[in-house]
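Visitor: My questions are about this predicted structure, shown below with the sequence.
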Amino acid sequence: MSLPSSVHKPLLASARDIRRLVVQTVHQTKAGHLGGPLSAADLLAVLYFHELRVDPERPDWPDRDRFVLSKGHSALGLYATLALRGFFPVPEMATFDRIDSRLQGHPDLTRLPGLDMSTGSLGQGLSAAVGMALGAKLQGKPFRVFALLGDGECQEGQIWEAAQVAPRYGLDNLIAVLDYNKLQQWGWKQGGKQLPPIEEPAAKWRAFGWHVIETDGHDMQAITEALDAARYSAGKPALIVAHTVKGKGVSFMENDPDWHAKPLNDEQLAQALDDLGGDLLLVPDPALPRHQPVSTRNSPPPALRWEPVRGGTPLAQREVFGKTLIALAEADSRVYVLDGDLGNSTRSDLLEKAQPERALQMGIAEQNMLSVAAGMAAVGLTPWISTFTAFLVKRALDQIRVQVAQTHLPVRLVGSYSGLWTNRTGKSHQSVEDLAVMRAMPGMTVLAPADGVEEAAMMRAMQAFPGPAYMRINRDAVPAIFDERYDFAIGQAVILREGADIALLSTGVQTSRALEAAALLAADGIDAYVLHLPTVKPLAADAVVAAARATGLVLVTEEHTVLGGLGGAVAEVLSERFPVPVRRHGLEDVYAESGSDEDLIDKYGLAPRHIAAAARAWL
């Protein structure tokens, strides 16, 4: 059935105007990409002016269809489309890539109404779309999710992690569109020409269990028919392979990879506008709104004085994690756990056994798992990530950076098997750099509980927290410091012992060793102050300064490298606010090895006697 002219002609006009806005914006701002947005303009026009259920007057309408621009470098094409659709004034396009602009070089959902996900690092968008579609299914919501992919980004392994997971969950509310223009920025060459970034994409996607439709990506009739066909892919996601031409519409740009990203001069702009036709002109408006970032940090609560419990039952933090997840899920329907095939190690399997519908298996694919969680959080759920710290923080770091930290989405990251206690698995599974990495992430809250009681309280606080948070936990049982009277608060320091000779500062399970070290020092007549810092970021700076004032010497001990962890954070605070001698006690710029927990703690000098010896030597 052909499109009526009342639909066909406006779609052609919208695609033309998208292209005109793109080339004018690049000319005015001397920034942005050209080839990719021009190849995708017809697809964007059909999606936003014919297919998507969206409302520019209500950009946050909960039941709207979602769109993810996975090929984030084509942001100008999306911005032009959103402007023409009425999400923001067309003249604002002239602010692209300027300071305080809402139109960033790549899509940033925290700045511009109408964006459903931040993208930019290629390969991540499809996973986020999977998370959104999964979130819609889990909540019984009617919206559909669309993702526009580039053929070059299909070289990223994460694309195929997402491609494998989506059919497993029967996501027939997910439609991916591949802008198959067969060119990338530089690419492989043969005979002076680029080879396609991906060969025979339709066959590859079918092999992963997708319903695949091929179409002409510049034919409005063909595009709408492909989208109609995608509606009937019952039980499986759909992929539309849209054959396009990079630089479409501008004669000297078509099929020329040199126009991937460079500005036009005046003569080239005139030629481009003449090729495109129409009369839409971009006129800047100096009165347009500017983005003003808002700080989300609050002042930490005052330090808590706590008398450590004696004879408390040692609890394994991984067991506490699983049991607390069950309680959180019972209390809040938004709670889900995403597992990376380690449920019986991290004990997220406890929730799967108690409430199987609330535990989602992502397989051995941590990058996809993180982006799926971001997509779920973007549609109103509270996902908890469960895997080993070594895989979470390092393998999925870019996904955490772009789609969790930068978006400020409420994803709960839980790294299990932290530090050296990994059951004889050796340095590949140990994580002694995670605190340094995660506390350097803008907007990320970083937590490390001393025992199981604090961990359970910490998880309750994380569930209520509005932004992203990371918690590192250990595998095996650790001595109890707290009991049921303890009320954890994010950012609060805990004074476990007051003293005048030296301050021992610590976090996580190392705190119980610091307490034992203080007892050893007391036997020698040395009065140690012990400060527990369960929140590594934001650090309780006032409590750190108070400990330094009380003693004049600060020894920071942690089951972590001495570079960039808690010791680095404490040194930064004191160097600025109350300079006193600070020594860092931890792993000295080395990785460890296989061995029993106690042997590793002993060999690498983290036991109570080592802490006490370091304090005595200094004094």
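Guide: Noted; the coordinates are in hand.

Visitor: count of neighbours near L34?
Guide: The burial metric for L34, expressed as a neighbour count using other C-beta atoms under 10 Å, is 28. Placement of C-beta: from N, CA and C, glycine included.

Visitor: Need the residues that contact the helix or strand A547 falls within.
Guide: The secondary structure element spanning A547 is helix 541-551 (assigned by DSSP states H and E). Among residues not part of helix 541-551, those counted as contacts by C-beta atoms under 8 Å, 6 or more residues apart in numbering are 300, 302-303, 493, 495, 498-503, 505, 529, 531, 533, 554, 570, 573-574, 577-578, 580.

Visitor: List the strands paired with the helix or strand that it is followed by, with their directions.
Guide: Using DSSP H and E, the helix or strand that directly follows helix 541-551 along the chain is strand 554-561. Listed by DSSP bridges, the sheet partners of strand 554-561 and their directions read strand 502-506 (parallel), strand 582-587 (parallel).

Visitor: hmm, who's touching the longest one?
Guide: By that I understand strand 582-587. The set of residues external to strand 582-587 that reach it, using C-beta under 8 Å, 6+ apart, is 432, 553-562, 565, 567-568, 570-571, 574, 604-606, 610-611, 614, 618.

Visitor: Return the members of those classed as buried.
Guide: Neighbour counting with 16 or more other C-beta atoms under 10 Å marks 432, 553-562, 565, 567-568, 570-571, 574, 604-606, 610-611, 614 as buried within the contacts of strand 582-587.

Visitor: Poorly predicted segments of this protein, please.
Guide: Scanning the chain with the threshold set as pLDDT under 70 gives 1, 294-297.

Visitor: again, only using 80
Guide: Applying pLDDT under 80 to the chain flags residues 1-2, 285-298.

Visitor: Any buried residues in the longest helix out of those in it, and which?
Guide: Across the chain, the longest stretch assigned as helix under DSSP state H is helix 5-29. When neighbours are counted by 16+ other C-beta under 10 Å, the buried residues of helix 5-29 are found to be 7, 11, 13-29.

Visitor: Distance check, D275 against A592.
Guide: 63 Å (C-beta to C-beta, to the nearest Å).

Visitor: likewise V165?
Guide: Taking C-beta to C-beta as the measure, V165 and A592 are separated by 33 Å.

Visitor: Which one's more surrounded, those two?
Guide: Comparing V165 with A592 by neighbour count (other C-beta under 10 Å), the higher total belongs to V165, at 25 against 17.

Visitor: What does that one show for phi and psi?
Guide: V165 has phi and psi values of phi -80, psi -40 when expressed as degrees, to the nearest 10.

Visitor: Touching, it and Q367? I think so.
Guide: No - checked against C-beta atoms under 8 Å, the pair V165 and Q367 is beyond contact range at 11.4 Å.

Visitor: Off-centre distance for the helix holding A547?
Guide: Relative to the chain's own centre, helix 541-551 is displaced by 34 Å; criterion: C-alpha atoms, centre = their mean, to the nearest Å.

Visitor: Over to stretch 320-337?
Guide: Computed by C-alpha atoms, centre = their mean, the chain-centroid distance of stretch 320-337 equals 21 Å.

Visitor: That one: which residues count as buried?
Guide: Neighbour-count burial for stretch 320-337, with 16+ other C-beta under 10 Å as criterion, is recorded at 320-329, 334-337.

Visitor: can you tell me which of those lies nearest to W259?
Guide: W259 lies nearest to Y336 out of those, by C-beta to C-beta, at 43.6 Å.

Visitor: Give the helix, strand or coil label for that closest one.
Guide: Under the three-state scheme (DSSP: H, G, I helix; E, B strand; the rest coil), the conformation of Y336 reads as strand.

Visitor: Look up how far T119 lies from it.
Guide: The separation that Y336 has from T119, given C-beta to C-beta, amounts to 23 Å.

Visitor: Please apply the same query to L515.
Guide: As judged by C-beta to C-beta, L515 and T119 stand 46 Å apart.

Visitor: For the two, indicate the residue with more neighbours.
Guide: Neighbours per residue, other C-beta under 10 Å: of L515 and T119, the larger number sits with T119, 31 against 22.

Visitor: Do a quick rundown of the strands in the stretch 151-300 of the chain.
Guide: Using DSSP state E, counting those that start in this stretch, the strands of the stretch 151-300 of the chain run over residues 174-180, 189-190, 193-194, 211-216, 238-243.

Visitor: Let me have these in a markdown table, adding distance to P308 and mean neighbour count as columns.
Guide: Converted to a markdown table, the strands of the stretch 151-300 of the chain look like this (distance: least, C-beta to C-beta, whole Å; neighbours: other C-beta atoms under 10 Å):
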| stretch | distance to P308 | mean neighbour count |
| --- | --- | --- |
| strand 174-180 | 51 | 28 |
| strand 189-190 | 66 | 8 |
| strand 193-194 | 66 | 14 |
| strand 211-216 | 60 | 19 |
| strand 238-243 | 57 | 25 |
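
Visitor: buried sites along the one helix or strand E598 maps to?
Guide: Counting by DSSP H and E, the element that carries E598 is helix 597-603. Taking 16+ other C-beta under 10 Å as the neighbour-count basis, helix 597-603 is seen to contain the buried residues 597, 600-601.

Visitor: next one: stretch 31-40
Guide: Judged by neighbour count (16+ other C-beta under 10 Å), stretch 31-40 contains these buried residues: 32-40.

Visitor: Using PDB, write down the CA coordinates of it.
Guide: Below are the C-alpha coordinates for stretch 31-40, written out as PDB (Å, rounded to 0.1, in the frame of the first residue of the first chain):
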ATOM      1  CA  ALA A  31      32.000  21.500  14.300                       C
ATOM      2  CA  GLY A  32      30.100  18.200  13.900                       C
ATOM      3  CA  HIS A  33      29.800  15.300  11.500                       C
ATOM      4  CA  LEU A  34      28.200  15.400   8.000                       C
ATOM      5  CA  GLY A  35      28.300  12.100   6.200                       C
ATOM      6  CA  GLY A  36      26.400  10.000   8.800                       C
ATOM      7  CA  PRO A  37      23.600  12.500   9.600                       C
ATOM      8  CA  LEU A  38      23.000  13.000   5.900                       C
ATOM      9  CA  SER A  39      22.700   9.200   5.300                       C
ATOM     10  CA  ALA A  40      20.300   8.900   8.200                       C
END
